[in-house]
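3D model of this:
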Amino acid sequence: MGSIINGYRQARGIGIVIFLGVIVLQFIVPLFSDGPYLESLDPLGILISTGVGLICLVAIWFSFRPPAHERREFQDAPLGVGMLVSARATGTSFNDQPEIELVLDVDTPDGRSIRGTAHTIVNQGELAQLTPGSTFPVRYREDGRFAVAPDAETADLQNSLYASQIARGMLTEQQVDVATRGTDATAVIMAMQPTGEIAHGQAVLHLDLRVNRPDGSSFDAKRDMPAAPAALEDLQPGRIVQVRYLPSDETYVAISTRVG
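Sure thing, here's the model as predicted:
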């Protein structure tokens, strides 16, 4: 990112030098004329050259401008997970790639949800992926200005998501600890029964598990967890699921499903 920003600054500096050089030349050239200096000045020529230089400066300024997430105002902005609300073309394109205005709801690490907009350049082949509910890594500012951050580190984005879910009561620190440090294993679902409870809009299921340790031994565990309707097929008795647990504390087992 630093090389891109430095390249932009160099191009901007060159544009300023060209702009000032064009103007200064209009005052230097008359020094070499045979007539009086003031009479040799061409006000119209100075005005025209200033206009041309200004146009060149603006063209260089915007042509070499880095993507939004690499600009100074977003360099230290916090990272969040944005959910797409809507998308529309702005009518502007760069190298035949359209600029899209995204309306996003961003979940912040402190548990809030902020709505704002971000402008990003999208490849023609990726336009079909801009459907409501799609998620993006986003650098955000409190004034509602967002920048899609495709260069965000996966670990940083995951930490932001975990912090948001803990702040909103969707996860506990123990659950995050297991998810980040736990040992991978498989488990057989011995029994599944709805509890009748609803959590975060999803039915809570009671599961009896037999977890297979990596050394070939096993232990039994119980888990109550909310599950999306599309995940029910994976949670039927007899199904094998991927799990994680801490060998030092086998009381909590994290279950991986295709949904939720």
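
Am I right that residue 211 is in a helix?
No. Assigned with DSSP: H, G, I helix; E, B strand; the rest coil, residue 211 falls outside any helix and is strand.

Number the chain from 29, please
Noted, 29 is the first residue going forward, which turns the last one into residue 239.

tell me the contacts of it?
If you count contacts by Cβ atoms under 8 Å, 6 or more residues apart in numbering, residue 239 has them with 213, 214, 215, 246, 247, 248, 249, 271, 273, 278, 281. All C-beta spots, glycine's among them, are computed from the backbone N, C-alpha and C.

let's see it at 7 Å
Contacts were defined as Cβ atoms under 7 Å, 6 or more residues apart in numbering; by that measure residue 239 touches 213, 215, 246, 247, 249, 271, 273, 281.

partners of it in the sheet?
residue 215, residue 247 (DSSP bridges).

ok so, going back, buried ones among the contacts of residue 239?
Neighbour counting by 16 or more other Cβ atoms under 10 Å classes 213, 215, 249, 271, 273, 281 among those as buried.

For the helix or strand hosting residue 142, buried residues please.
Assigned by DSSP states H and E, residue 142 belongs to strand 141-149. For strand 141-149, a neighbour-count test (16+ other Cβ under 10 Å) marks 142, 144, 146, 147, 148 as buried.

Count the neighbours of residue 155 for me.
13 (other Cβ atoms under 10 Å).

Does it fall in a helix, a strand, or a coil region?
Going by three-state DSSP: residue 155 is helix.

From residue 147, how far out is it?
Distance of residue 155 to residue 147, computed by Cβ to Cβ, to the nearest Å: 15 Å.

returning to what we had before: among the buried ones among the contacts of residue 239, which one sits closest to residue 117?
Distance to residue 117 across those (Cβ to Cβ) is lowest for residue 271, with 44.3 Å.

Skipping adjacent residues, who's closest to that closest one in space?
residue 215 (4.6 Å; Cβ to Cβ, 6 or more residues apart in numbering).

and the one you found, what is it in contact with?
237, 238, 239, 240, 269, 271, 281.

Dump those to CSV, plus pLDDT and distance to residue 117.
Listed next are the contacts of residue 215 as CSV, based on pLDDT from 0 to 100; distance: Cβ to Cβ, whole Å:
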residue, pLDDT, distance to residue 117
237, 96, 49
238, 96, 53
239, 96, 50
240, 95, 51
269, 93, 42
271, 93, 44
281, 92, 47
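
low-scoring stretches of this protein, by residue?
Where the chain drops to pLDDT under 70, the residues are 29-44, 47, 57-69, 73, 84-101, 123, 285-288.

go with 80
29-104, 120-125, 151-157, 171-172, 179, 228, 285-288 (pLDDT under 80).

Would you map the strands across it?
Using DSSP state E, the strands found in the chain span residues 107-122, 125-135, 141-149, 163-168, 174-176, 211-227, 230-240, 246-255, 268-274, 277-284.

one step back: biggest separation within the buried ones among the contacts of residue 239, which pair?
213 and 249 (10.6 Å).

List the residues that contact the residue sitting nearest the centre point of the chain.
By Cα atoms, centre = their mean, the chain has its centre lying nearest to residue 165, at 1.7 Å. Under the criterion of Cβ under 7 Å, 6+ apart, the neighbours of residue 165 are 107, 109, 177, 180, 185.

now, among the residues you listed, which is nearest to residue 126?
For the contacts of residue 165, the nearest to residue 126 is residue 177 (19.6 Å; Cβ to Cβ).

That closest one contacts residue 166, doesn't it?
Yes. With contact defined as Cβ atoms under 7 Å, residue 177 reaches residue 166; the gap is 6.1 Å.

Same drill for those two, tell me which one is more crowded.
Counted by other Cβ under 10 Å, residue 177 and residue 166 do not tie: residue 166 has more neighbours, with 30 against 25.

Show me the beta-bridge partners of that one.
residue 108, residue 176.

quick one, what contacts it?
With Cβ under 7 Å, 6+ apart, residue 166 has these contacts: 108, 110, 132, 134, 146, 174, 175, 176, 177.

swap the cut-off to 6 Å and go again
Residue 166 makes contact with 108, 110, 134, 174, according to Cβ atoms under 6 Å, 6 or more residues apart in numbering.

No further questions, thank you.
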